[in-house]
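Novice: pasted the sequence and its predicted model underneath.
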Amino acid sequence: MAGGGDWEEMVKKMFPPGTMIPENLDYSIALEYDGPPVSYELPRINPVDIPAIPTAEQASGPLKLGNGVVPIAPVIGPHRARQPAFQVAHRAGQSASQVRSSSESGSQQEDYSDDESHSESHEPARNSQGQNAARPAAPEGRRAQVVTFGLQEDSKHESKEFDEVSDQYVSVTRKEKKGRTCCRCGKGKWESKESCIVCDARYCSSCVLRAMGSMPEGRKCITCISKPIDECKRSKLGKSSRILSRLLSPLEVRQILKVEKECEANQLRPEQLIVNGFPLHHEEMADLLSCERPPGNLKPGRYWYDKESGFWGKEGEKPDRIVSTNLNFNGKLQPDASNGNTKFYCVTILTELMTISLSFVQLAQVQCPRDTHFWVYHDGGYEEEGQNNIKGKIWESPLARLACALFSLPVPPADSDGTKDEAPYSARTVPNYLDHGIQKLLILGSPGAGTSTIFKQAKLLYGTRFTQEELENIKLMIQSNIFKYLGILLEGRERFEEEALALEDNPSSAAKNSQQDGSKCTSSNSCIYSINAKLKNFSDWLLDIIATGDAFFPAATREYAPVVDELWKDPAIQATYKRKDELHFLPDAAEYFLSRAIEVSSNEYEPSEKDVIYAEGLTQGNGLSFIDFTLDDRSPMSENFSDNHDAYSQPVNKYQLIRVSAKGMNEGCKWVEMFEDVHMVIFSIALSEYNELCIPASGGNKFLVNKMIESRDLFETTIRQPCFRDTPFVLVLNKYDLFEEKIGRAPLSECEWFSDFCPIRTHHNNQPMAQQAFYYVAMKFKDLYAAATGRKLFVWQARARDRPTIDEAFRYIREVLRWEDEKDNNGYGPEESFYSTTELSSSRLIAAAE
Ligand SMILES: Nc1nc2c(ncn2[C@@H]2O[C@H](COP(=O)(O)OP(=O)(O)OP(=O)(O)O)[C@@H](O)[C@H]2O)c(=O)[nH]1
Ligand SMILES: [Mg+2]
């Protein structure tokens, strides 16, 4: 540029025409130096070497993984420098200088200073939708909270923007549910239908083949072919279809279901999985799916992953499972990934839990001060922050496993060891997802209704014994129950003592305290009612404890005598317990329980079959459990229900029983859509709960509510789910043994829903009270079901601890499935009987004058 020009003119040219240039504008302009050579070295910027810039290659189609195919849309992925995995200890707030070389992982160690070399991956990636996703690369193999490189603000901003973009892929817009009639012919309101996995259009059996053609991608309307599926239907992919089975040959159905499950268009896309804040690349997705312990049942969503320990969970939630360690993802683990609280780190939880559980049984041999921070490694080795001394392996401690069980935290499988992580994908077998011909039965119920007992009985009945691993899990569950009970026991003991003292000193203040606890208190005397409620909960769990073994039965008790005397004054208590000794029995049983607890918590403890059946629960946490089984067709029961055996020349007698725990169900029934394709819902309700109280699942009001009413409401919510509108329901009224025993001393009308129950007592009618009450309750549910759905409810009575009653229940369920199939095929229903009809109403047992 020529020197000595008019600076102001030059500046003006830099701005849009007409812009006012302020008088005192402070500016500086660089000019090219053309004076004499200088004696010193000038700083230079190295020219960019174009050929050396890493470029990405276009992915060339689906990546084959064993027999399965991970579909890959053509995408340019950013180049990522491969780095050896390395071990870095982690803690929220830990500084970079705290990185230390571990004796175990020294060879894999790497220094943070290398990190700049990854800046190349800042190149934006273009995804399959053609949108640019700014992807600031997260340096691999280190913890987010440790190094910020002063970019914190920007990267935060970028990732926020990114979140918005990425949410597009993850969140799934729920399509409007289509009406009940067939989308093509507008008829068939009451017929079962097949729905499109993309648009949810429903077709009756006459139209489905025309609407869906040859189904090259499974059950999609012709116009929906090649479109991505509705994510709510992912769990349905490849699952059997009653309608198709009727219309096509088994081979054709199998092929359709196979392509539905495996074709490219229906696969989860990598960008639908956001891990540590970043959507996955194809290679990352492939690594994740092909690792030794992949997270199963992946759904679109945001997850966090800790590569050192393998913890994996949904963003904002606690760890859900342990997957393979050392998977390299673009995103880094954020310290607040698990619930927005930097203190909440899986490792801390574990160690804190260890401390808690250790102190529970006064077995503490290891000192774990509460504020100590621990690092944990892929093999479970842990050490105190900043120390270089592996203290032990966390998973070797049964207490740590127990603590995890207690708080529904994942534990690695017993045979896992770090070396397996490197197993090549080809070593794995691709599971066979095809389950053609299997009738799926979903079993649900309110807490304690007996669903897991029924499940366990089915397992023992139909030949699929518990594997060693399952037994190990059940043992863990029984042990964790023991810990749970211990906690309640200690707390209960304290409260009883406090309340008893308060009652002695000042009955009115005790009343106030009781009231604060949330129970009803209508008169000064019935404030004891709140103690009653607690006592009932207390006794419920004690009964469950006792159920895990025969070892204890009450003798006498002295310690709680004052409390018991006080409690006995309450008529409600008297009505419930009948004999005062029963109250004495509670704390006494607890003492027996303590001695049993020591036996059960030892490593050598092996649960007996009775322990397995009687134990409360089935698996840890609120996960799903399922078993596949077959039912022998030559059962005497089937003769009772049908003479026409030839009709079943090809009987479908394979079943899958799927159980969702009540805990899982109480999460607002969000999960139900997953089970749209089940052939039947078995809903279990404990008859004996008609006069029991519980904390409402809604948690809204703090008053205890009647358990039967609570179960009825859950039942009603379930039957009204749109996804079950074509699914038959069998109601299992369980715990008939307890019901029989209880009905003599507590009238059924203690439950307000049954207030009009009026048993018939004539000399012509010798039906015992319990049987009448059972019929009445069954009818109440049948009426409710008919009013809500216009259909018939099937009801069965059971005593789930008594195996033959469960065998009968399943044979009945099989008949119901056949009736349903018959009905679909030719419109005939089952022979009318009490179990299938709604003609009978409960009016027979209702008091004439209300
Ligand atoms: N007396 C008696 N006890 C039963 C019966 N069915 C189940 N139980 C017991 O009741 C307790 C609870 O039963 P579960 O099968 O664990 O109940 P659940 O439906 O799985 O309940 P959640 O685990 O809370 O979801 C266990 O101790 C069972 O042994 C029955 O018919 N009679
Ligand atoms: Mg259970």
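Specialist: It's in. Ligands and ions are numbered 1, 2, ... in the order given.

Novice: if I read this right, residue 748 contacts residue 757, doesn't it?
Specialist: Yes: counting by C-beta atoms under 8 Å, residue 748 touches residue 757, with 4.7 Å between them. Backbone N, C-alpha and C define where each C-beta goes, glycine included.

Novice: neighbour count: those two, which is higher?
Specialist: Set residue 748 next to residue 757 and count neighbours by other C-beta atoms under 10 Å: residue 748 wins out with 26 against 20.

Novice: which residues touch the more buried one?
Specialist: By C-beta atoms under 8 Å, 6 or more residues apart in numbering, the contact list for residue 748 reads 690, 754, 757, 773, 776-777.

Novice: my reading is that residue 772 lies in a strand. Confirm?
Specialist: No: Residue 772 is assigned helix when assessed by DSSP: H, G, I helix; E, B strand; the rest coil, not a strand.

Novice: chain neighbours aside, what residue packs nearest to it?
Specialist: Excluding the flanking residues, the one nearest residue 772 by C-beta to C-beta, 6 or more residues apart in numbering is residue 759, at 4.8 Å.

Novice: helix or strand: which one has residue 190?
Specialist: If you go by DSSP states H and E, residue 190 is not part of any helix or strand.

Novice: cool, residue 715 as well?
Specialist: According to DSSP H and E, residue 715 maps onto helix 707-719.

Novice: got the CA positions of that helix in CSV?
Specialist: What follows is the C-alpha trace of helix 707-719 in CSV, where atoms were taken according to Å, rounded to 0.1, in the frame of the first residue of the first chain:
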residue,chain,number,x,y,z
LYS,A,707,-53.9,-50.9,48.8
MET,A,708,-56.8,-52.5,46.9
ILE,A,709,-58.0,-49.1,45.7
GLU,A,710,-54.4,-48.3,44.7
SER,A,711,-54.2,-51.6,42.7
ARG,A,712,-57.6,-51.0,41.1
ASP,A,713,-56.5,-47.5,39.9
LEU,A,714,-53.3,-49.0,38.5
PHE,A,715,-55.4,-51.7,36.8
GLU,A,716,-57.7,-49.1,35.3
THR,A,717,-54.8,-47.0,34.0
THR,A,718,-53.3,-50.1,32.4
ILE,A,719,-56.4,-51.3,30.7
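
Novice: that helix and ligand 1, any residue contact?
Specialist: No: with C-beta under 6 Å from any ligand atom as the criterion, ligand 1 is not reached by helix 707-719; the gap is at least 10.4 Å.

Novice: other SSEs contacting that helix?
Specialist: When contacts are defined as 3 or more C-beta pairs under 8 Å, 6 or more residues apart in numbering; DSSP states H and E, helix 707-719 sits against strand 680-686, strand 693-694, helix 769-789.

Novice: nearest to residue 735, of those?
Specialist: Nearest of the helices and strands packed on helix 707-719 to residue 735, taken as C-beta to C-beta: strand 680-686 at 4.2 Å.

Novice: need the contact partners of the closest one.
Specialist: Contacts for strand 680-686 (C-beta under 8 Å, 6+ apart): 439-446, 448-451, 454, 675, 707-708, 711-712, 715, 718, 724, 727-735, 738, 781, 798, 800, 813, 816-817, 820.

Novice: tally of neighbours for whatever residue of the stretch 451-600 of the chain ends up closest to ligand 2?
Specialist: Ligand 2 sits closest to residue 452 of the stretch 451-600 of the chain, with a gap of 3.6 Å, by C-beta to the ion. Residues lying near residue 452 (other C-beta under 10 Å) number 24.

Novice: would you confirm that it contacts residue 660?
Specialist: No: assessed by C-beta under 8 Å, residue 452 is found out of contact with residue 660, at 10.5 Å.

Novice: okay, and the common contacts of residue 748 and residue 757?
Specialist: 773, 776.

Novice: now residue 447. Its backbone dihedrals?
Specialist: Dihedral pair for residue 447: phi -60, psi 130, per degrees, to the nearest 10.

Novice: what is the burial count for it?
Specialist: Neighbour count of residue 447, defined by other C-beta under 10 Å: 20.

Novice: keeping just the C-alphas, turn stretch 303-313 into CSV.
Specialist: Output of stretch 303-313 as CSV, limited to C-alpha atoms (Å, rounded to 0.1, in the frame of the first residue of the first chain):
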residue,chain,number,x,y,z
TYR,A,303,-26.1,-41.0,27.6
TRP,A,304,-23.0,-40.6,29.7
TYR,A,305,-20.1,-43.0,29.7
ASP,A,306,-17.1,-43.3,31.9
LYS,A,307,-14.4,-45.0,29.9
GLU,A,308,-12.3,-46.0,32.9
SER,A,309,-14.9,-47.8,34.9
GLY,A,310,-17.3,-48.6,32.0
PHE,A,311,-20.3,-47.0,33.8
TRP,A,312,-23.0,-46.1,31.4
GLY,A,313,-26.3,-44.3,32.1
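
Novice: and it, what's its mean pLDDT?
Specialist: For stretch 303-313, mean pLDDT is 79.

Novice: where do the strands sit along the stretch 201-350 of the chain?
Specialist: Using DSSP state E, counting those that start in this stretch, the strands found in the stretch 201-350 of the chain span residues 202-203, 273-275, 278-279, 301-305, 311-314, 321-322.

Novice: make CSV out of the ones you listed and add distance to residue 182.
Specialist: Output for the strands of the stretch 201-350 of the chain, formatted as CSV (distance: least, C-beta to C-beta, whole Å):
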stretch, distance to residue 182
strand 202-203, 5
strand 273-275, 36
strand 278-279, 38
strand 301-305, 33
strand 311-314, 38
strand 321-322, 41
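
Novice: quick check: which of these is nearest to ligand 1?
Specialist: strand 321-322 (20.5 Å; C-beta to the nearest ligand atom).

Novice: show me what that closest one is packed up against.
Specialist: On a contact count with 3+ C-beta pairs under 8 Å, 6+ apart, strand 321-322 meets strand 311-314.

Novice: now do the buried residues in the strand it packs on.
Specialist: Neighbour-count burial for strand 311-314, counted by 16 or more other C-beta atoms under 10 Å, picks out 311-313.

Novice: then stretch 605-616?
Specialist: Buried residues in stretch 605-616, counting neighbours by 16+ other C-beta under 10 Å, are found at 607, 611-616.

Novice: average pLDDT for it?
Specialist: Averaged across stretch 605-616, pLDDT comes to 79.
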